[in-house]
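Trainee: Sharing a sequence plus its predicted fold:
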Amino acid sequence: MAIIHRATITPTKGELLDAWLDSQPWCPDGAVEMLGSYRFDDPAGEVGVEGLLARRSGLLLHVPLTYRGAPLDGAESSLISTMQHSALGKRWIYDATRDPVAVHCFVRALRGEQEQAGMELWDGDTLVGRREPTARVHPEPGRAGATASTGVAVVEVDGIELWLARVIGSELNGERQLVAEWANGRGVVAALT
């Protein structure tokens with residue numbers, strides 16, 4: 001169960017996403033429109049794993065992030081930003097395509113071994129409700145034969161390739177596909193080849 005705290009964060013997710021996307025060669029300039037998000041639970045309960053779905057300059061984007069309470073050793077090049085969270089303190093935000101906790105969550109989800117997390121809303125130590133996710137993900141059978149494009153991050157894990165879409169609509173086929181659905185939208189966000 002993903003825990004959402006009633007809190008303020010600095011910078012906001014929109015601000016950090018804007019700044020990071022500006023530095024990515026596969027993403028054009030423009031205003032970011034947030035479309036939805038989904039989360040996975042880290043089995044150890046330490047790392048937040050979230051996939052953001054957004055639109056920028058007409059492109060549909062998938063931006064998977066991890067939120068950590070301490071720096072990830074050896075992952076300086078994957079650090080997107082730090083964030084101050086009023087309930088949790090300083091958080092380190094990473095490109096989840098290069099975070100082993102997130103990578104394994106995606107592999108398990110694609111294999112049907114892990115569902116997306118439900119979301120609980122907490123105010124301090126008090127559960128105040130549950131929130132419906134703004135996007136849903138589920139695995140589907142796919143087909144082999146994908147080719148890499150600039151809109152896909154390819155990660156080798158346990159002898160297989162995990163493909164994570166950065167640009168939704170990029171060629172992304174595999175024996176198993178993870179499909180995201182949000183208001184008025186649907187697209188493949190990950191695949192195993």
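Mentor: All right, it came through fine.
Trainee: can you tell me the average pLDDT over the helix or strand that contains residue 130?
Mentor: Under the criterion of DSSP states H and E, residue 130 resides in strand 126-131. The average pLDDT within strand 126-131 is 72.
Trainee: quick one: low-confidence parts of the protein?
Mentor: The model of the chain has pLDDT under 70 over residues 1-7, 9, 85-89, 120-122, 127, 144-150.
Trainee: Which SSE is immediately downstream of the strand holding residue 130?
Mentor: Of the helices and strands lying after strand 126-131 in sequence (DSSP H and E), the nearest is strand 135-141.
Trainee: list the buried ones in that following strand?
Mentor: By 16 or more other CB atoms under 10 Å, the buried positions in strand 135-141 come out as 135, 137, 139. Where you see a C-beta, it was placed from the backbone N, CA and C, and this is true even at glycine.
Trainee: Helices of the chain, start to end?
Mentor: Counting by DSSP state H, one finds helices in the chain at the ranges 13-22, 100-110.
Trainee: on that earlier part again, relative to the strand holding residue 130, what are the paired strands and their orientations?
Mentor: Strands adjacent to strand 126-131 in the sheet, as given by DSSP bridges, are strand 119-123 (antiparallel).
Trainee: and residue 24, what does it touch?
Mentor: With CB atoms under 8 Å, 6 or more residues apart in numbering as the criterion, the residues that contact residue 24 are residue 166.
Trainee: Provide the contact partners of stretch 67-76 at residue level.
Mentor: 46-50, 66, 78-79, 83, 88-94, 98-99.
Trainee: Quick one: end-to-end length of that stretch, please.
Mentor: One end of stretch 67-76 to the other measures 14 Å (CA to CA, to the nearest Å).
Trainee: Just checking the distance from it to the centre of its chain.
Mentor: Taking CA atoms, centre = their mean, to the nearest Å, the mean C-alpha location of stretch 67-76 is offset from the chain mean by 16 Å.
Trainee: Residue 180: what's it in contact with?
Mentor: With CB under 8 Å, 6+ apart, residue 180 has these contacts: 36, 38, 51, 53, 62, 135-137, 168, 186-189.
Trainee: Of the helices of the chain, which stretch is the most buried?
Mentor: Across the helices of the chain, averaging neighbours per residue (mean count of other CB atoms under 10 Å) puts helix 100-110 on top, at a mean of 21.
Trainee: Could you list every helix and strand in contact with it?
Mentor: Helices and strands touching helix 100-110, by 3 or more CB pairs under 8 Å, 6 or more residues apart in numbering; DSSP states H and E, are strand 32-41, strand 48-56, strand 59-68, strand 135-141, strand 152-157, strand 160-165, strand 176-182, strand 185-192.
Trainee: Pick the most buried one from those strands.
Mentor: When the helices and strands packed on helix 100-110 are compared using mean count of other CB under 10 Å, strand 59-68 is most buried, at a mean of 24.
Trainee: Next, the angle from it to strand 185-192.
Mentor: Interaxial angle of strand 59-68 relative to strand 185-192 (axes from the mean of the first three to the mean of the last three CA atoms, to 10 degrees): 60 degrees.
Trainee: Residues contacting stretch 186-193, please?
Mentor: Residues outside stretch 186-193 that contact it (CB under 8 Å, 6+ apart): 51, 53, 60, 62, 64, 106-107, 109-111, 137, 142, 144, 146, 160-165, 168-169, 172-180.
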